[in-house]
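*Asks:* just a sequence and a predicted model for now, questions to come.
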Amino acid sequence: MYELEKENLKRFSDYIVQIIRPSYIKGFMTAYLDIEIVERILSEENTSVTSAAQMLLQKICHLEERGWFQALLDELLAVEYTGLYEAIKEWDFEKLEEIRHHKVFLEKIEASLTKHIKPLEIVTYMSECIINREREEIRAISEQKGPIAGSEKLTECLKRSDKSNWFKLLALALQECNCAYALDLLDPDSNNGKEVDSMDRNGETATVSFEYREEAANESLTEKHNGAAGASAVPKLRAYQRELAVPSFNGENNIICAPTGCGKTIVALAICEHHLKAKADQKAKIVFMATKVDLFEQQYKLFKDHFNNIDEEVRITGLCGDWGEQISMDIIVKSNDIIMLTPKILENALERKYIPSLSVFTLLIFDECHNATGKHPYNILMANYLDTKLSDRNELLPQIVGLTASVGIGTFKDQPGAEHQICQLCANLDVRVISTVNDNKEDLMSFVHIPEKVVFEVEKRSGDPFISIIRNIMSRIEELAKSVYDIESLSNIVNHDYGTQKYEQWIVDVQKRCRVLQLEDKEKERQVCRALFNYTEHLRKYNDALIINEDARAKDALGYLEAFFEQVREAGFDETEQKLTACFDVQHPHLVQLTQGGQENPKLEKLKFILDEQYRNNEQTRTLLFVRTRALADALKKWIEETCSLKFLKPGVLIGRGRRSDLIDSGMTHTSKKGVVESFKNSDQSKILIATSVADEGIDIPQCNLVLLYEYVGNVVKMVQVRGRGRAEGSKCFFISDKKERVEKEFANMHHEKIVDKAVANLQISRKYMLAKIDNFQKEDKMVRDHAKSMPERPRTDGSFELLCGKCKISACFTDDLRVALESQHIVVDRTIFNRCDRKPHRRPKRFGDFEKKMKMFCKECKQDWGIISSYMNVVDLPVIKIESFVVKNCTTNNQDYFRSWKEVPFAIREFDVKDIQPFLTSD
């Protein structure tokens, strides 16, 4: 009886035993197997799940009782083995075969992946592929043994998953949890839209391109300036604020440049009120742009509260992130007087022609306008504006107002160089006036207190045996790695000294190349990759420890390593990690001895001296201590708590969520950051806040009177922003470093700030010269843009090309079957593409223009994201693909190329015509 079923179970046993966990179907086992056999299987499961599953399958294939097969199916379905249930029910294991290569890949990167994810957060986004029992086990192990052990349990569950979408859901979960490094491991082709850190990987300081913002003054116009809410429609500005606003009141395009904390947002509100009244007969439309989400949320609330107090008829809305695609932009513009948004939304609306041009608005306000350079959305928007202005079109363009604490952008050595950069910024924004406080400086200085700045260059610590031991361990690990594979051949990065950012970059590069390492022996390939990931992960931690030791104590660096190895041990480790742990264990007693007593870090001695002195003179001092990395923030917190004369400060820590999960510090959520700041502002408990760059642009604490910059340096704008965190009268700012190049950089910033001030003053009195330079810049930039547009595109052939999946190289479609709609939507009109792809409902179905996103489409073989399924012009099931998901094969030469943009492809694409897809038309 059931001979066919038994034969098929044996035939597909390789799939079944790699998925099923016998203890999960204990109900079925106890109903059909002897209790002794059940106990033997469960006992074997403690040693090997796969071996236990093989024992179970052998016993099942000897069953003779009626109904056992249906009972097995029912049990599989009941315990959420839905993929295996479907496969056995239909005897179709194709979907399970498709996910095998993902499991092999996961096994290769597991050693590194498990050290960079937060399992308790990840599983909340993976309910579709992690069953309830697995979720509870992951949670229990994480709480008992730590995140690495929990992560290993999570990957174990995924390697035994029967859900066809687990790999995609894992990628989405990593993205949602900001585990960028782990996501990069999972998808080596993705840069995740992130820039590469130019400093320590745990750091949150400047990246390749800087983008800063000033915290808005958190005060209502009506409450702070007028007393009762709604007392006056036009706020009574302070004298210096009115001076800043006058050019805008007069309708001029201008940059308002004034110190942090002077209330530029209040000035912007007054400008908006004045503009709404002055343009009442022209239906004023105002756009206020903020560069970052948290600033957008703050400014939006401030504007809403203010206008609700003075004039409820003013219609105001806010758009952030992907909100801009939820509602048609033309409807938003028609329905509101003030629109607050992040600039990318407006850029997209123009590009997609959701709005005809910027002339539909009457006022554009650019917060942190110094970002209007290069490829920043501000600059792209203004290029559109200037093209309209300098053309023959008679369009009435909006007034421009920029807000910033400094116009000290770019690179310059002297005043003419600074003037050159400032005029370029003005040209980019079409600004004719730089509005600064000149006539009311005394009024300004009575409200705004610029801290006194002092720079301390500290001597370096001499002769540190702790460093020597760590370097020797790292050298030993590199030798072990080379015994497995020639690790040096995997990267072209040279001069990667221990304890540097360059070494971190080398590790990242090695791991990227290791992911795609191919050997003839696939089993050896998996072993080599796993070993190399383990070696490089341990090298990464030692490198981090060297950096922590340089800025803090050997004790803190050792604690960082001890926490890492504790979690490694709790999680259980393979042979490679046993060797690596042994390297550490051998030297651990000596390292502990070195942390007891020994030479104090000269930088910490200077920091202690400053804090002791400041709090001795003023017990009410409130301090912001800026550091480069999250790990250093944690180390300095412990140092303060363990220093007798400083522990009364009760330090708080403010860090960002970070770009990747980290073993020791996992970052802070928006809510937790807000709580820390509020506690620091309103409580007498914490007297010092240790912060990374998350605070230099977004914290407004009027009581703060001491700003400490601990190896923390940027450019002129950053210096002005950070220094401006000290708001209280008599504030001081100290810079501490033992690196000559950083000290020189800070002195250069201070010198350049004075140059910028002189340059602005000279341009204000040399207006004719300034306007001539601006006009010249605009004409030159327009010529460059026109030249780029006029350049003939690469010749495009009508020859046939084939699009292959970028990951598994299966054929997707031919270019003869491609059409383009609205200049940007690339449609496949060959319906057979659905035989080569899978579809699933879109997580956020929405309409953008005339297109409506309905589903996502994925390669049937490897689940590569190919694009979306949309409806358009009464056509349903319309495949819209993205070129970066494919490799383009020339059908004549068989050459293959990869393109990131449709603009780069060598073939012509015909315009979309509804006649090409008649079979897709919906019936009436």
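*Replies:* Yep, it's here.
*Asks:* tell me what the helix ranked longest in the chain is packed against?
*Replies:* The longest helix of the chain (DSSP state H) is helix 522-551. Secondary-structure packing of helix 522-551 (3 or more C-beta pairs under 8 Å, 6 or more residues apart in numbering; DSSP states H and E): helix 100-113, helix 465-484, helix 501-515, helix 554-571, helix 575-595, helix 630-642. Any C-beta I mention is one placed from the backbone N, CA and C, and that applies to glycine too.
*Asks:* for G27, find the nearest of those helices.
*Replies:* Among the helices and strands packed on helix 522-551, the nearest to G27 by C-beta to C-beta is helix 100-113 (26.9 Å).
*Asks:* chain center to that closest one, what's the gap?
*Replies:* Counting by C-alpha atoms, centre = their mean, to the nearest Å, helix 100-113 is centred 23 Å from the centre of its parent chain.
*Asks:* coming back round to it: lowest-confidence stretch among the helices and strands packed on helix 522-551?
*Replies:* For the helices and strands packed on helix 522-551, the weakest mean pLDDT is recorded on helix 501-515, namely a mean of 82.
*Asks:* how about that helix as CSV, C-alpha atoms only?
*Replies:* In CSV, the C-alpha atoms belonging to helix 501-515 read as follows (Å, rounded to 0.1, in the frame of the first residue of the first chain):
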residue,chain,number,x,y,z
GLN,A,501,41.0,52.7,7.7
LYS,A,502,43.0,51.4,4.7
TYR,A,503,43.2,48.0,6.4
GLU,A,504,39.4,48.0,6.8
GLN,A,505,39.1,48.8,3.1
TRP,A,506,41.4,45.9,2.3
ILE,A,507,39.2,43.5,4.4
VAL,A,508,36.1,44.7,2.6
ASP,A,509,37.7,44.2,-0.8
VAL,A,510,39.0,40.7,0.0
GLN,A,511,35.5,39.7,1.2
LYS,A,512,33.9,41.1,-1.9
ARG,A,513,36.2,39.1,-4.2
CYS,A,514,35.9,36.0,-2.0
ARG,A,515,32.1,36.0,-2.5
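*Asks:* any idea how far the residue nearest to A691 when sequence neighbours are not counted lies from T621?
*Replies:* Spatial nearest neighbour of A691, chain neighbours left out: L654 (4.1 Å); criterion: C-beta to C-beta, 6 or more residues apart in numbering. For L654, the distance to T621 equals 18 Å [C-beta to C-beta, to the nearest Å].
*Asks:* OK, contacts around A481?
*Replies:* A481 sits next to 487, 531-532, 535-536 when contact means C-beta atoms under 8 Å, 6 or more residues apart in numbering.
*Asks:* any idea how far it lies from I148?
*Replies:* 20 Å.
*Asks:* with distance to L244 added, can I get the helices and strands packed on helix 522-551 in CSV?
*Replies:* Below are these laid out as CSV (distance: least, C-beta to C-beta, whole Å):
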stretch, distance to L244
helix 100-113, 52
helix 465-484, 52
helix 501-515, 40
helix 554-571, 46
helix 575-595, 54
helix 630-642, 36
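*Asks:* out of these, nearest to N178?
*Replies:* Across these, closest to N178 is helix 630-642 (C-beta to C-beta), at 13.0 Å.
*Asks:* surely I909 and V820 touch.
*Replies:* Yes. Using C-beta atoms under 8 Å, I909 is in contact with V820, at 4.8 Å.
*Asks:* common neighbours of these two, please.
*Replies:* Contact criterion C-beta under 8 Å, 6+ apart; residues shared by I909 and V820: 826, 902.
*Asks:* ok, the residue nearest to N618 when sequence neighbours are not counted to V448 distance?
*Replies:* Closest residue to N618 apart from its sequence neighbours, by C-beta to C-beta, 6+ apart: N705 at 7.5 Å. Distance, N705 to V448, by C-beta to C-beta: 14 Å.
*Asks:* and the helices in the stretch 751-900 of the chain?
*Replies:* Listed in chain order, the helices of the stretch 751-900 of the chain (DSSP state H, counting those that start in this stretch) span 767-790.
*Asks:* so what's the residue count around E86?
*Replies:* By other C-beta atoms under 10 Å, the residues close to E86 number 18.
*Asks:* just to be sure, it is in a helix?
*Replies:* Yes. Under DSSP: H, G, I helix; E, B strand; the rest coil, E86 falls within a helix.
*Asks:* can you give me the pLDDT of I690?
*Replies:* 88.
*Asks:* bridged to it, which residues?
*Replies:* Bridge pairing for I690 (DSSP bridges) gives the partners L625, V653.
*Asks:* C-terminal to the helix or strand bottoming out on mean pLDDT in the chain, what's the next element?
*Replies:* Lowest by mean pLDDT, DSSP states H and E among the helices and strands of the chain is helix 221-225, with a mean of 43. Next along the chain after helix 221-225, taking DSSP states H and E as the criterion, comes helix 239-249.
*Asks:* how about residues contacting that following helix?
*Replies:* With C-beta under 8 Å, 6+ apart, helix 239-249 has contacts from 237, 254, 256, 258, 262-264, 266-267, 270-271, 274-275, 399, 401, 433, 435-441, 443-444, 447.
*Asks:* which other residues reach the very next helix or strand once past it?
*Replies:* Toward the C-terminal end, the helix or strand that comes next after helix 239-249 (DSSP H and E) is strand 254-257. For strand 254-257, the surrounding residues in contact (C-beta under 8 Å, 6+ apart) are 244-245, 247-248, 264, 267-268, 369, 400-407, 425-426, 429, 431-436, 760.
*Asks:* distance from strand 254-257 to the middle of the chain?
*Replies:* 30 Å.
*Asks:* so what strands line up beside that strand?
*Replies:* strand 399-404 (parallel), strand 433-435 (parallel).
*Asks:* adding mean neighbour count, write those strands out as TSV.
*Replies:* Output for the strands paired with strand 254-257, formatted as TSV (neighbours: other C-beta atoms under 10 Å):
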stretch	mean neighbour count
strand 399-404	26
strand 433-435	22
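*Asks:* so which of those gets nearest E44?
*Replies:* Comparing the strands paired with strand 254-257 by C-beta to C-beta, strand 399-404 comes nearest, at 68.4 Å.
*Asks:* which residues are in contact with the closest one?
*Replies:* 214, 248, 251-257, 264-265, 267-268, 271, 275, 362-370, 372, 382, 385, 429-431, 717.
*Asks:* helices or strands next to the helix or strand following that strand in the packing?
*Replies:* Next along the chain after strand 399-404, taking DSSP H and E as the criterion, comes helix 415-429. With contacts defined as 3+ C-beta pairs under 8 Å, 6+ apart, helix 415-429 has these neighbours: strand 254-257, helix 377-389, helix 740-765, helix 767-790.
*Asks:* got the angle for the longest one vs helix 415-429?
*Replies:* Using axes from the mean of the first three to the mean of the last three C-alpha atoms, to 10 degrees, the interaxial angle of helix 740-765 with respect to helix 415-429 works out to 70 degrees.
*Asks:* for helix 740-765, what is the average pLDDT?
*Replies:* So the average pLDDT for helix 740-765 ends up being 87.
*Asks:* one more: the second one?
*Replies:* Across helix 377-389, pLDDT averages out at 94.
*Asks:* so how far is that helix from its chain's centroid?
*Replies:* On C-alpha atoms, centre = their mean, the centre of helix 377-389 falls 27 Å from the chain's centre.
*Asks:* who does that helix touch, helix- and strand-wise?
*Replies:* Short answer (3+ C-beta pairs under 8 Å, 6+ apart): helix 377-389 packs on helix 343-351, helix 415-429, helix 767-790.
*Asks:* comparing these, which comes out most buried?
*Replies:* helix 415-429 (a mean of 21; mean count of other C-beta atoms under 10 Å).
*Asks:* gap between P247 and M770?
*Replies:* Counting by C-beta to C-beta - P247 and M770 are separated by 14 Å.
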